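*Asks:* Next come a sequence and a model predicted from it.
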Amino acid sequence: MLLDVHCGFPSRGSFGVAAKKYRSRQTKKKRTDGGGGLVVRSDSAAVCLPRRHNTSALRSNEDREPGGMAGENDLPRIAVVGAGIFARTQYIPRLREIAHLVVLKAIWSRSQESAEAAAELARDFVPDVECKWGDAGLEEIMGDRSIMGVAVVLAGQVQVELSLKMLKAGKHVIQEKPASGSTTEAETALSVYNSFPNQLPYKPIWALAENYRFEPAFVESNKLMSDIGEMMNIQVIVEGSMNSSNPYFHSSWRRNFLGGFILDMGVHFIAGLRMLVGSEIATVSSISRHVDTALPPPDNICSLFQLENGCAGVLVFAVNSRSPKILWRVDGTKGTVQIERGIDSGKHGYQVLFTRENGQCQKTFYPFSGVHEELKAFVHDIMQVSKNGDHKAEPRSSYAEGARDVAVLEAMLESSTKQGAQVQVKKF
């Protein structure tokens, strides 16, 4: 396998053994797609357009202005790389909500069929969205100067590799969590990214999509922490519902991921914890078990952790439970803050309970909106950095933040292999 000497990762021509399944066969002739659109063959890939649009939409990139826009008043254009469950059920609907801020130009998948199916879901708000597939489709996205940003929504095993390729091609990237499969991979990835030159007029942004850091419930609850006095203890209880009725239950990449659902799901809950308390986790001591054989090991973990400020807490995490419950609770000398997932007036979200020193309890419900908010922040950042190369991107979206979430889970899993011995959390 050839290595790209600039990246330290497989070259563009091959995405390595872990990514081979993302290749697909290439069609060699014009045809109509299932949605009545015309498939037009370019030099290296195919894109499908609605029948009512002509091939002028495929005009050469040379006709476009540098910087990724066809005109000063045009909105930024992005591509979604991935057409799985989360891309279809979250990214496309959330991009519809912010269609006044950004244009979805292309959707890529490893296969032609899934790319076309995902593109059809977006045609109501972006009729001329292009669908691309296979290695050739990725090359077209990387070479399209009209595309400023790319959302990488793929299997955890290949996201880092592909994100770095897009960044090297000059694209801003928002990569789905988890940041990596290990801290070693994250360290290598950050080293590669930091070695990229500051390309004029800016260095591409690498954002990590962790929606919990953007959920209003956590943002607002963090503001309450100063009102509860000194933290005395913390509880994080996660009783999940990862059973056969869950659409992610049969996800093959999660089952072949080191740490399985504990790592893939767990980064959310660690991100929520870190966002709430505003302090890093220093050490952990954990015991994990494999109880439900329908799930990959481990599926249960109990951990004692200590923050850098000295406060201790416990995390109890079951991937699948008969009575799902997810909450974070911080007890202080002057009050308590608790965040619990729930439903209010038919909307899913978080119930925040703030109990004051006098015993009065304030209840506030916040519907889910984290994915919406993180995508808005990404679009804002890529627009600002195009105007001002010194613009500092939203810190909650930084790749390093995602790496810190992974580091905590990795330390917990390592401790469990050592019969609960205390493990230091790696710093980023």
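*Replies:* On my side now, so go ahead. Given the structure is predicted, the values throughout are model-derived calculations rather than measurements.
*Asks:* Just say helix, strand or coil for Ser180.
*Replies:* What DSSP: H, G, I helix; E, B strand; the rest coil gives for Ser180 is coil.
*Asks:* Tell me which residues touch it, please.
*Replies:* By Cβ atoms under 8 Å, 6 or more residues apart in numbering, the contact set of Ser180 is Gly156, Val160, Ala186, Ala189, Gly402, Ala403, Val406. C-betas here are computed from N, CA, C, even on glycine.
*Asks:* Tell me the one among these nearest to Asp264.
*Replies:* Gly156 (6.6 Å; Cβ to Cβ).
*Asks:* How about the contacts made by the closest one?
*Replies:* Pro178, Ser180, Gly181, Trp253, Arg254, Phe257, Asp264.
*Asks:* SS state for the nearest residue to the second one once chain neighbours are set aside?
*Replies:* Once flanking residues are discounted, Ser180 sits nearest to Ala186: 4.1 Å by Cβ to Cβ, 6 or more residues apart in numbering. Ala186 carries the three-state label helix when classified by three-state DSSP.
*Asks:* Contacts only, for Ala186.
*Replies:* Counted by Cβ under 8 Å, 6+ apart, Ala186 has contacts Val160, Ala179, Ser180, Tyr399, Gly402, Ala403, Val406, Ala407, Phe428.
*Asks:* neighbour-wise, which of those residues leads?
*Replies:* Ala179 (32 neighbours; other Cβ atoms under 10 Å).
*Asks:* Against Pro127, how distant is that residue?
*Replies:* 34 Å (Cβ to Cβ, to the nearest Å).
*Asks:* Tell me the bridge partners for the most centrally placed residue in the chain.
*Replies:* The residue lying closest to the centre of the chain (Cα atoms, centre = their mean) is Glu176, at 1.9 Å. For Glu176, the beta-bridge partners under DSSP bridges are Ala209.
*Asks:* so it makes contact with Ile85?
*Replies:* No - with contact defined as Cβ atoms under 8 Å, Glu176 does not count as touching Ile85 (11.4 Å).
*Asks:* one step back: any idea how far Ala136 is from the residue nearest to the centre of the chain?
*Replies:* With Cβ to Cβ as the criterion, Glu176 and Ala136 are 23 Å apart.
*Asks:* swap in Trp253?
*Replies:* When Trp253 is compared with Ala136 (using Cβ to Cβ), they lie 23 Å apart.
*Asks:* Just the local confidence number for Tyr248, please.
*Replies:* At Tyr248, the pLDDT value in this model is 85.
*Asks:* ditto for Ala83
*Replies:* 96.
*Asks:* what's the helix or strand for Lys223?
*Replies:* helix 216-224 (DSSP states H and E).
*Asks:* Pull the residues that contact that helix.
*Replies:* Contacts for helix 216-224 (Cβ under 8 Å, 6+ apart): 212, 272, 275-278, 337, 339, 349-350, 352, 354, 364, 366, 369, 373.
*Asks:* buried sites along that helix?
*Replies:* Across helix 216-224, burial judged by 16 or more other Cβ atoms under 10 Å covers Pro216, Ala217, Phe218, Val219, Glu220, Ser221, Leu224.
*Asks:* Next SSE downstream of it?
*Replies:* Following helix 216-224 in sequence, per DSSP H and E, is strand 231-241.
*Asks:* How about residues contacting that next one?
*Replies:* 225, 261, 265-266, 269, 272-273, 277, 307, 309, 311-321, 323-333.
*Asks:* Which among those count as buried?
*Replies:* 225, 261, 265-266, 269, 272-273, 277, 307, 311, 313, 315, 317-321, 326-332.
*Asks:* Out of the contacts of strand 231-241, which sit inside helices?
*Replies:* Phe261, Met265, Gly266, Phe269, Gly272, Leu273, Val277 (DSSP state H).
*Asks:* Sketch out the low-pLDDT regions of the stretch 301-428 of the chain for me.
*Replies:* The stretch 301-428 of the chain contains no residues with pLDDT under 70.
*Asks:* what do you get if the cut-off is 80, keeping everything else the same?
*Replies:* 389 (pLDDT under 80).
*Asks:* Identify each of the strands in it and give its residue range.
*Replies:* Using DSSP state E, counting those that start in this stretch, the strands of the stretch 301-428 of the chain run over residues 312-318, 320-332, 336-344, 347-355, 361-367, 423-424.
*Asks:* Who are the packing partners of the helix or strand Val80 falls within?
*Replies:* Element membership for Val80, per DSSP H and E: strand 77-81. On a contact count with 3 or more Cβ pairs under 8 Å, 6 or more residues apart in numbering; DSSP states H and E, strand 77-81 meets strand 103-109, helix 134-143, strand 149-152.
*Asks:* what's the distance between the longest one and the middle of its chain?
*Replies:* Translated: helix 134-143. On the basis of Cα atoms, centre = their mean, to the nearest Å, helix 134-143 sits 21 Å off its chain's mean C-alpha point.
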